[in-house]
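**Q** I would like the atomic coordinates for the input below:
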Amino acid sequence: MTGHIGIVACSAEGASLCYRTICLEGAQFLGPHNHPDVSTHTYALGKYMDHIYRNDWQGVADLMLSSAEKVAKTGADFLICPDNTLHQAFPLVEPRSPLPWLHIAEVVAEQAVDRGFRRVAITGTRWLLESQVYPEKFTSRGLEYLRPSPDEREEINRIIFDELVCGVFKPESIEAFQRVIGRMKEEEGCDAVVLGCTEIPLVINDANSPLPTLDSTRLLARAALRRAVNIANKPD
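**A** Next up is the predicted model:
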């Protein structure tokens, strides 16, 4: 038996991509049509945003913990949250959590180091880009990081909330991401870009990005798969 993955979800598109990745790539470890058990709970994105707009990260943490408790009751062994912005509440969540977590920024930072990147652009919501979620994980591993300009952050944030979380993918929005990433490559010397909103990989990938991508959604899903398989392989 493999470990049981618990997903504390937020936005539908990001959580769905994470779930699909676990289910589809599970076959690499477990054979055709197989994957670890997965349980998920999702409060409406609007409930989270009510707290985020008020800068109430304790309220965000309380929702995450409520989901964690529900998922723990299904028999999950550990938890993941396929939402970068919510990780701003992680210091308030972890001490009270019923189960251990994988931290999305730690997973991404480890991958950046493994691939030899040194100066990484970070994209995501305006709350993520104003936070220390990625900076503290990158700095502790000797990685440099840069954020888009204030105007670029606002445009990225608008695209995320007006379009991507609603399943709307416009060519002009893809071009906007490409311009930001291209500028950070040419003007700021970045050698990779974090797709630090779990919906961004739905429109940006290695095939159309000016920089190599660190896909936070799929990297988290793959880390969860490895954790689940490793649990199964541990001696009793």
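
**Q** Give the other helices and strands that whichever helix in the chain runs longest contacts.
**A** Ranked by number of residues, the top helix in the chain under DSSP state H is helix 216-233. Packing partners of helix 216-233 (3 or more C-beta pairs under 8 Å, 6 or more residues apart in numbering; DSSP states H and E): strand 5-9, helix 12-25, helix 27-30, strand 78-80, helix 104-114, strand 192-195. In short, each C-beta sits where N, CA and C put it, glycine included.

**Q** so which of these gets nearest Tyr145?
**A** strand 192-195 (8.1 Å; C-beta to C-beta).

**Q** what helices or strands is the closest one leaning on?
**A** Against strand 192-195 (3+ C-beta pairs under 8 Å, 6+ apart) you get helix 104-114, strand 119-123, strand 213-215, helix 216-233.

**Q** and these as CSV, adding distance to Ile22?
**A** Shown next, in CSV, are the helices and strands packed on strand 192-195 (distance: least, C-beta to C-beta, whole Å):
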stretch, distance to Ile22
helix 104-114, 13
strand 119-123, 23
strand 213-215, 14
helix 216-233, 5
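
**Q** who wins for proximity to Val71 among these?
**A** Nearest of the helices and strands packed on strand 192-195 (C-beta to C-beta): helix 216-233, 12.7 Å.

**Q** which parts of the longest helix of the chain are buried?
**A** 216-225, 227-229, 231 (16 or more other C-beta atoms under 10 Å).

**Q** Over to stretch 202-211?
**A** Under the neighbour-count criterion of 16+ other C-beta under 10 Å, stretch 202-211 has 202-204, 209-211 buried.

**Q** Poorly predicted segments of the chain, please.
**A** 232-236 (pLDDT under 70).

**Q** returning to what we had before: redo the helices and strands packed on helix 216-233 as TSV? Include distance to Asp37 and mean neighbour count.
**A** Compiled in TSV, the helices and strands packed on helix 216-233 are given as follows (distance: least, C-beta to C-beta, whole Å; neighbours: other C-beta atoms under 10 Å):
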stretch	distance to Asp37	mean neighbour count
strand 5-9	7	26
helix 12-25	10	20
helix 27-30	11	14
strand 78-80	12	23
helix 104-114	20	20
strand 192-195	27	27
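
**Q** Serialize the ones you listed to CSV and add fields for distance to Cys166.
**A** CSV is the format used below for those (distance: least, C-beta to C-beta, whole Å):
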stretch, distance to Cys166
strand 5-9, 16
helix 12-25, 8
helix 27-30, 30
strand 78-80, 23
helix 104-114, 22
strand 192-195, 18
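
**Q** Compare these and give me the one nearest Val168.
**A** helix 12-25 (9.8 Å).

**Q** how about the CA coordinates for the closest one, as PDB?
**A** The C-alpha coordinates for helix 12-25 follow below in PDB (Å, rounded to 0.1, in the frame of the first residue of the first chain):
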ATOM      1  CA  ALA A  12     -10.500  24.700  -8.800                       C
ATOM      2  CA  GLU A  13      -8.200  25.000 -11.800                       C
ATOM      3  CA  GLY A  14      -4.900  24.800  -9.800                       C
ATOM      4  CA  ALA A  15      -6.200  22.000  -7.600                       C
ATOM      5  CA  SER A  16      -7.500  20.000 -10.600                       C
ATOM      6  CA  LEU A  17      -4.200  20.200 -12.300                       C
ATOM      7  CA  CYS A  18      -2.400  19.000  -9.200                       C
ATOM      8  CA  TYR A  19      -4.900  16.100  -8.800                       C
ATOM      9  CA  ARG A  20      -4.700  15.100 -12.400                       C
ATOM     10  CA  THR A  21      -0.900  15.100 -12.300                       C
ATOM     11  CA  ILE A  22      -0.900  12.800  -9.300                       C
ATOM     12  CA  CYS A  23      -3.400  10.400 -10.900                       C
ATOM     13  CA  LEU A  24      -1.800  10.300 -14.400                       C
ATOM     14  CA  GLU A  25       1.800  10.200 -13.300                       C
END
